[in-house]
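Peer 1: how would this look folded up:
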Amino acid sequence: MLGPLTSATIILLVAGFSGYHPLWAIVAFLGAYRIFQDYVLSPHLMSAGMELHPLLVIFGVFSGEQVAGVAGAFLSCQ
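Peer 2: Numbers count the residues shown, from 1 in each chain. Okay, here's the model as predicted:
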């Protein structure tokens, strides 16, 4: 989570200092990209490798996070 947040901050700083004023467009794009990657692409790719339905992968990550926090969410996708 720290990597995407840091890269989004750097992107917004560079765009702001270079004179690109509609920063909301960049924020909207980055938000839509993260949602697509986290809830569509990643579960689909994990389910293909594990031969599970993508919804089961999402529920597995959520349950791992509830049991053991961030470490549980990370380890449930391994």
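
Peer 1: Give me the helices and strands touching the helix or strand of the chain at the bottom of the mean pLDDT ranking, please.
Peer 2: In the chain, no helix or strand scores lower on mean pLDDT, DSSP states H and E than helix 42-50, which sits at a mean of 75. For helix 42-50, the elements it packs on are helix 54-76, judged by 3 or more Cβ pairs under 8 Å, 6 or more residues apart in numbering; DSSP states H and E. To be clear about C-beta, it is placed using only N, CA and C from the backbone, and glycine gets the same treatment.

Peer 1: in the helix it packs on, what counts as buried?
Peer 2: For helix 54-76, the neighbour count (16 or more other Cβ atoms under 10 Å) marks 54, 57, 58, 60, 61, 64, 73, 76 as buried.

Peer 1: Low-confidence regions, this structure specifically.
Peer 2: Along the chain, segments meeting pLDDT under 70 span 1, 77-78.

Peer 1: Ramachandran angles for the most far-flung residue of it relative to its centre?
Peer 2: Most distant residue from the mean C-alpha position of the chain: residue 19, 27.7 Å away (Cα atoms, centre = their mean). The phi and psi values for residue 19, taken as degrees, to the nearest 10, are phi 100, psi 10.

Peer 1: How about residue 20, nearest residue that isn't a chain neighbour?
Peer 2: Nearest residue to residue 20 in three dimensions, chain neighbours excluded: residue 26, at 7.6 Å (Cβ to Cβ, 6 or more residues apart in numbering).
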